[in-house]
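Peer 1: sequence first, then the predicted structure:
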Amino acid sequence: MLHARAFKVSVVWTLALLFLGSVVHATESSLACPDWPTCFGTMVPEMTGGVFWEHLHRLVAGGLVLMFGLATWLAKQETGTRPRIFRASLAGMGLLVVQSVFGGLTVIYRLPDMVSTTHLTLAFGFLALATVLAAATSRPDSALTPRAPAVGRSLRLYAGVAAGLVFGQSVVGALVRHTDGGMSCPDLPLCLGQVVPPLVNIQIISHFTHRVLAVVTTAAVLGVVWWAYRSDVPGRLRRWLVAAAALVVLQVGLGVASVLTILAVVPVSTHTLVAAMLLSVLVYVSTVAGESLERRPEAGRDLEAAGV
Ligand code: HEM
Ligand code: HEM
C-alpha cells in the first residue's frame, strides 16, 4: 500500500531534518536568516555561510510537509476500514504546522530558551507519531508476532517505557543545550569534581539531571534487550532491540565526546540524530508488539499457514 511507504519515507525524512536542525544550532546559523517565512525577503537567498544551513533546514521542512501531506491523503484513500490511521495522520499534519510556526518564532523572537526547547520536543513528538503510523500500516507479519499474547503485551509496555525515557532525556538534553549548559560540567565522569555538584543554576541542574537520566535510560534500554532474550520474542524483533542497545551505547559515547570536544559540531549534531533514531526504533518495536495483539486472529492464521 502506497500510504505505508509514504509514512516510512516520512520517518527517514524527519530524521534527516532533525539532524539538519541540530547542525543549524551547532554552526550558530540559527539567525542567519533574520526573517521568516522568507530569508532576506526571498525564498531563494544566496546559499552561503549560515544561510546555507538555516534555509536548507526550512526547505527540507517544507518538503516534509508535502511528503507527510501526501501520506495523509493516501491514507484517506486506502484505509477506509481504519479511520484512526487517517485521524492520527491529520494530527501529525497539525503538529507539523505548529512546529513550523515554532521554527519561525525561534527566529522572530531570537531564540528564547523555551521556544527552542519546545521546537525539539515537538520534533521528537512528530517523529514518534510518524513511526507509529509507519509501523501500524506495515503489512502484518507473523515473523514479528510474539506467540504468547502476554509476551506481546509486556514487550509493548517495556519498549514503550524505554521510549518514554529516551523522549524525556532528550527534552532535558535540549534544555541543557538551549540554556547554554553544555559545558557547565566540563569534567567526566564527575561534575565540577564532585559526584553531586552544587545545584546552583539551571545549567548545572539540567546538565547533572541529563547525566543521571542517561544512566537510567541506558539501563532501561539494555534491560529490555536482556528481557527479550530470556522471553519468547521473535528473532526479528530481538534484532531491532539489539540495534537499540547499540544506539544507546553509541549515544553515551557521543555525549561524552560532545563534552570532551567542547561541543564540536559533528558529535553534538550526531548526538541529536542518534537520540532520534533510538526513539524511533523503540517506538517501532512497541507499536509492532501492540499491533500484533490487535491483529492476533490474522496473525494466528499466518502462523498456522506457516506450519508453526
Ligand atoms: C519552516 C519551518 C521551520 C523553521 C523556520 C525552523 C527553524 C529552526 C531554527 C532557527 C533552528 C535553530 C534553533 C536554535 O538554535 O535554537 C531549528 C532547529 C531545529 N529544527 Fe527547525 N524549523 C522549522 C521546521 C522544523 C520541522 C518541521 C522540524 C521537525 C519536524 C524541525 C526540527 C528541528 C530540530 C530538531 C532542531 C534542533 C533543535 C535543537 O537543537 O534543540 N524544524 N529550526
Ligand atoms: C541515553 C542517553 C542520552 C540521550 C538519549 C541524550 C539525548 C540528548 C539530546 C536529544 C540532546 C539535545 C540535542 C539538541 O538539542 O539538538 C542532548 C544534549 C546534550 N547531551 Fe545528551 N543524551 C544522552 C546521554 C548523554 C551523556 C552520557 C552525555 C555526557 C555526559 C550527554 C551530554 C550532552 C550534552 C553536553 C548536551 C548539550 C549539547 C549542546 O549544548 O550542544 N548526553 N542529549
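Peer 2: That came through fine. Ligands and ions are numbered 1, 2, ... in the order given.
Peer 1: close to ligand 2: what parts of the stretch 51-200 of the chain are there?
Peer 2: Contact residues, the stretch 51-200 of the chain versus ligand 2 (Cβ under 6 Å from any ligand atom): 120, 166, 169-170, 173-174, 176-177, 182. All C-beta atoms are positioned from the backbone trio N, CA, C, and that covers glycine.
Peer 1: can you show me the helices along this structure?
Peer 2: 2-26, 49-78, 83-108, 113-137, 149-178, 202-230, 235-260, 265-294, 296-305 (DSSP state H).
Peer 1: what angle separates the second one from helix 83-108?
Peer 2: So the one you mean is helix 49-78. Here helix 49-78 points in a direction 160 degrees away from that of helix 83-108 (axes from the mean of the first three to the mean of the last three Cα atoms, to 10 degrees).
Peer 1: hang on, the earlier thing: got the helices of the chain as JSON lines, with mean pLDDT, distance to Pro186 and mean neighbour count columns?
Peer 2: Shown next, in JSON lines, are these (pLDDT from 0 to 100; distance: least, Cβ to Cβ, whole Å; neighbours: other Cβ atoms under 10 Å):
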{"stretch": "helix 2-26", "mean pLDDT": "97", "distance to Pro186": "18", "mean neighbour count": "21"}
{"stretch": "helix 49-78", "mean pLDDT": "96", "distance to Pro186": "27", "mean neighbour count": "18"}
{"stretch": "helix 83-108", "mean pLDDT": "94", "distance to Pro186": "27", "mean neighbour count": "17"}
{"stretch": "helix 113-137", "mean pLDDT": "97", "distance to Pro186": "21", "mean neighbour count": "22"}
{"stretch": "helix 149-178", "mean pLDDT": "97", "distance to Pro186": "13", "mean neighbour count": "21"}
{"stretch": "helix 202-230", "mean pLDDT": "98", "distance to Pro186": "10", "mean neighbour count": "18"}
{"stretch": "helix 235-260", "mean pLDDT": "97", "distance to Pro186": "7", "mean neighbour count": "18"}
{"stretch": "helix 265-294", "mean pLDDT": "95", "distance to Pro186": "15", "mean neighbour count": "22"}
{"stretch": "helix 296-305", "mean pLDDT": "48", "distance to Pro186": "52", "mean neighbour count": "14"}
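Peer 1: reformat the ones you listed as TSV; add distance to Cys191.
Peer 2: As requested, those are exported to TSV (distance: least, Cβ to Cβ, whole Å):
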stretch	distance to Cys191
helix 2-26	22
helix 49-78	31
helix 83-108	29
helix 113-137	21
helix 149-178	12
helix 202-230	6
helix 235-260	10
helix 265-294	18
helix 296-305	48
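Peer 1: would TSV of those with distance to ligand 1 be doable?
Peer 2: Converted to TSV, these look like this (distance: least, Cβ to the nearest ligand atom, whole Å):
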stretch	distance to ligand 1
helix 2-26	2
helix 49-78	4
helix 83-108	2
helix 113-137	3
helix 149-178	4
helix 202-230	13
helix 235-260	12
helix 265-294	6
helix 296-305	32
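Peer 1: so which of these comes closest to Leu190?
Peer 2: helix 202-230 (9.9 Å; Cβ to Cβ).
Peer 1: now the closest one: how far from the chain's centre is it?
Peer 2: Its chain's average C-alpha position is 16 Å from that of helix 202-230, according to Cα atoms, centre = their mean, to the nearest Å.
Peer 1: wait, what's in contact with the residue nearest to the spatial centre of the chain?
Peer 2: The residue lying closest to the centre of the chain (Cα atoms, centre = their mean) is Ala276, at 3.1 Å. Contacts for Ala276 (Cβ atoms under 8 Å, 6 or more residues apart in numbering) come out as 14-15, 18-19, 123-124, 127, 170.
Peer 1: let's see that with 7 Å instead.
Peer 2: By Cβ atoms under 7 Å, 6 or more residues apart in numbering, the contact set of Ala276 is 15, 18, 124, 127.
Peer 1: having no further points to raise, I will conclude here.
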